[in-house]
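Chemist: How does the following fold in three dimensions:
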Amino acid sequence: MTKKLVYVDTDVGLGTPGAEMDDGAALIFLLRHPEIEVVSAGSVFGNVPVQDADSNLDRLLTWMNGEHIPRGPGAETPLIEGTAWFASWQSEYGRTLPWSTSPAACLAANLIIDTIHTYPKQISILALGPLTNLALAIRLDPSIIALAREVIVMGGSFNVQNPTPEFNVRCDPEAAQMVFSSGWDLHILGLDITRRIHFSRRDFFSLPNGHPAVDLLRTQAPGWIDRVEKMGWEQDGCSLHDAVAAAYLVDETLFHIEQTNVEVELVDQNLRGLTRFTATSETQQIVNVITGLDIVKCRDLIWSHVKQ
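Modeler: Sure thing, here's the model as predicted:
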């Protein structure tokens, strides 16, 4: 079997009580899937500070028998955007679980460059957090644009009835605009798609005991579900947005794709990070936006590997 080679870029919060844990579920899914080989991974600020994301990433890789996978700590801040708007939310987190972090290979942007040059035309980049590391990588070495196989982004939202900025893009709108217009073979899964798949409290409670990563997912889920229910975002459970993007990486036949132009709002301070479709233009990059999915099959694909 020829495996798909993947670099994962993530602000993983699994390991930080009160933080979102969908990155962790995505990593568990990918590291267990027989058709995927995660060849390197980088951390980025976002759900948690980059130091915590790096620690959480190293812990999960180790627990999932991926301690050999090169890891790179990434950007601590956006290119120009401030982060004060998110500080009050992060202030309600518990302390990240202690972990003796192993030495990193290099910074995440450099790791992206090195990975793509090592495996030209073979690397799928799966971006699960703010896109700062990817933007820095293409500024440092634009040649990687032609050498990457594809870039899959969990980010943005294309709900035309209720347009609101999505978190990953809102964290660094300039980086998102750079990536969206870079020329990469780009695939975007917005919040309007990923939130269609729901996992209940009972689902998490029924996860089997005995594997430390799955145990952590099961124990951290109630705290996150409490928060999303308090905010009125979801009821009796939560979405695993990043795991849906990982499922697309595995089997895109479960999804409906439309090719279009996308722009990021950079000027309006009340809407910074908003993503919207624009009229198709020969001067703009065409990207693949996921606009539908087989909910049942995609959910079963994710959960069958998380709970195995």
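Chemist: Could you name the helices and strands sitting against the longest strand along the chain?
Modeler: Ordering each strand of the chain by length in residues (DSSP state E) puts strand 255-264 first. Taking 3 or more CB pairs under 8 Å, 6 or more residues apart in numbering; DSSP states H and E as contact, the helices and strands that strand 255-264 lies on are helix 173-180, strand 186-189, strand 275-278, strand 287-293. Where C-beta positions appear, they are placed from N, C-alpha and C, glycine not excepted.
Chemist: now the angle between strand 287-293 and it, please.
Modeler: Here strand 255-264 points in a direction 130 degrees away from that of strand 287-293 (axes from the mean of the first three to the mean of the last three CA atoms, to 10 degrees).
Chemist: Keeping just the C-alphas, turn strand 255-264 into CSV.
Modeler: Below are the C-alpha coordinates for strand 255-264, written out as CSV (Å, rounded to 0.1, in the frame of the first residue of the first chain):
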residue,chain,number,x,y,z
PHE,A,255,-17.2,15.5,0.1
HIS,A,256,-18.6,17.9,-2.6
ILE,A,257,-16.1,20.4,-3.9
GLU,A,258,-16.6,23.7,-5.7
GLN,A,259,-13.9,25.6,-7.4
THR,A,260,-14.1,29.3,-6.8
ASN,A,261,-12.2,32.5,-5.7
VAL,A,262,-12.0,33.3,-2.0
GLU,A,263,-10.9,36.5,-0.3
VAL,A,264,-10.2,37.4,3.3
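Chemist: quick one: average confidence on it?
Modeler: Model confidence over strand 255-264, given as mean pLDDT, is 94.
Chemist: List the buried residues in that strand.
Modeler: For strand 255-264, burial by neighbour count (16 or more other CB atoms under 10 Å) applies to Phe255, Thr260, Asn261, Val262, Val264.
Chemist: Quick one: distance of it to the chain centre.
Modeler: Remark: strand 255-264 is offset 18 Å from the chain centroid, using CA atoms, centre = their mean, to the nearest Å.
Chemist: What lies in contact with it?
Modeler: Applying CB atoms under 8 Å, 6 or more residues apart in numbering, the contact partners of strand 255-264 are 156, 169, 173, 176-177, 180, 187-189, 193, 248, 273-281, 284-294, 298.
Chemist: and it with helix 173-180, angle?
Modeler: An angle of 130 degrees separates the directions of strand 255-264 and helix 173-180 when computed by the same axes, to 10 degrees.
Chemist: Brilliant, that's me finished.
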